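A.B. asks: I would like the atomic coordinates for the input below:
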Amino acid sequence: MRNKKKLIILLSLASLILTSCNYRREKKINNESFEIADANDLNLSYKLVDDNIFTPKCVSCHGTAGGVFLGSYESIVKNLQKIERVAIQEKTMPPMAPLSESERNLLSTWIKAGAPEHEGLGVINENPIPTPPAPLIEAQFDSIKINIFDSKCIVCHSPTGTARDVLLNTKEDLLDSPRDLVIPRNSQESGLYIAVSRTDSGMMPPPDSGIPPLTLNEIDIIKQWIDNGAEQ
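C.D. replies: Purely as a prediction, here's the structure:
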């Protein structure tokens, strides 16, 4: 009987030791939970992140549209800085349903590990990708086009885009538009300012476009340009 009790105690201790060995990593896919307790856990891969974040959350908009293609490993690596900024830091993407804390943790850990394509190839980077400073935008058409229109508007508002009836390629497109897109010195009645400053379903870019909304600074720059006469 005494030997049997000793055997039971030994088996219990062995079970406890084996269970404690698994404390370092919990991974339940499909958005249930993903937590990496040890920063040196490198069993990460592009497929893991793609299956749980990019394909279900991003590719519907950023596959054949949206201005930024996220349908391949190469394109994602090329846009890592932008992805980290909008999805993890600003939490503005996806626009209608930002990533959960668990998903941000997975994406952040993968990026810090060097965004490995295959398991076991990551190297934790204690100095994560720095967020570039916001560009200095001047209240002039050329600056607005380069820093705002080209990244958030032209994908649709171009001769080949889905909103080709409202062009934003040149200053003349805005000033000569029959839609009164720009009424010099009157931003409050200018269609462009009204569209980008709206907060309802009619805002531009559209909430379901997958394109980040304009920042308050970008909206203010457009307002300044119009109210200054839209001459430059």
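
A.B. asks: Which stretches in the chain count as strands?
C.D. replies: Using DSSP state E, the strands of the chain run over 25-28, 33-36.

A.B. asks: Out of these, name the one with the poorest average pLDDT.
C.D. replies: Lowest mean pLDDT of the strands of the chain: strand 25-28, a mean of 42.

A.B. asks: domain assignment for this protein?
C.D. replies: What automatic domain parsing lists as the domains of the chain is 24-132, 141-227.

A.B. asks: In CSV: those, plus mean neighbour count.
C.D. replies: C-betas here are computed from N, CA, C, even on glycine. Formatted as CSV, the domains of the chain follow (neighbours: other Cβ atoms under 10 Å):
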stretch, mean neighbour count
domain 24-132, 16
domain 141-227, 17
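
A.B. asks: rank the ones you listed by mean pLDDT and give me the bottom one.
C.D. replies: domain 24-132 (a mean of 71).

A.B. asks: What's the local residue count around residue 136?
C.D. replies: 7 (other Cβ atoms under 10 Å).

A.B. asks: need the contact list for it.
C.D. replies: Neighbour list for residue 136: empty [criterion: Cβ atoms under 8 Å, 6 or more residues apart in numbering].

A.B. asks: run the last query once more with 10 Å
C.D. replies: 143, 147 (Cβ atoms under 10 Å, 6 or more residues apart in numbering).

A.B. asks: what's the pLDDT at it?
C.D. replies: The model's pLDDT for residue 136 equals 81.

A.B. asks: Quickly note the distance from it to residue 144.
C.D. replies: Using Cβ to Cβ, to the nearest Å, residue 136 is found at 12 Å from residue 144.

A.B. asks: Helices of the chain, start to end?
C.D. replies: With DSSP state H, the ranges of helices along the chain come out as 2-20, 46-49, 73-78, 80-83, 101-112, 141-144, 150-152, 171-175, 191-197, 216-227.

A.B. asks: Residues contacting the second one, please?
C.D. replies: Contact partners of helix 46-49, identified using Cβ under 10 Å, 6+ apart, comprise 27, 29, 34, 54-55, 72-73, 76-77, 103, 106-107, 109-111, 115-119.

A.B. asks: For residue 225, which non-adjacent residue is closest in space?
C.D. replies: residue 139 (4.3 Å; Cβ to Cβ, 6 or more residues apart in numbering).

A.B. asks: surely residue 119 meets residue 110?
C.D. replies: No. Because the distance of 11.1 Å does not satisfy Cβ atoms under 10 Å, residue 119 is recorded as not touching residue 110.

A.B. asks: Can you pull the residues that touch both of these two?
C.D. replies: 44-46, 48.

A.B. asks: And the furthest pair within those residues?
C.D. replies: 44 and 46 (8.5 Å; Cβ to Cβ).

A.B. asks: joint contacts of these two?
C.D. replies: With Cβ under 10 Å, 6+ apart as the test, residue 44 and residue 46 both reach 110, 115-116, 118-119.

A.B. asks: Not counting sequence-adjacent ones, nearest residue to residue 57?
C.D. replies: In space, residue 57 is closest to residue 94, 5.3 Å off (Cβ to Cβ, 6+ apart).

A.B. asks: Contact partners for that neighbour?
C.D. replies: 53, 56-58, 60-62, 86-87, 208, 210.

A.B. asks: Out of the residues you listed, name the two that are farthest from one another.
C.D. replies: 53 and 208 (18.5 Å).

A.B. asks: on that earlier part again, using TSV, lay out the contacts of residue 94 together with distance to residue 173.
C.D. replies: Below are these laid out as TSV (distance: Cβ to Cβ, whole Å):
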residue	distance to residue 173
53	37
56	37
57	34
58	30
60	30
61	25
62	26
86	28
87	32
208	24
210	24
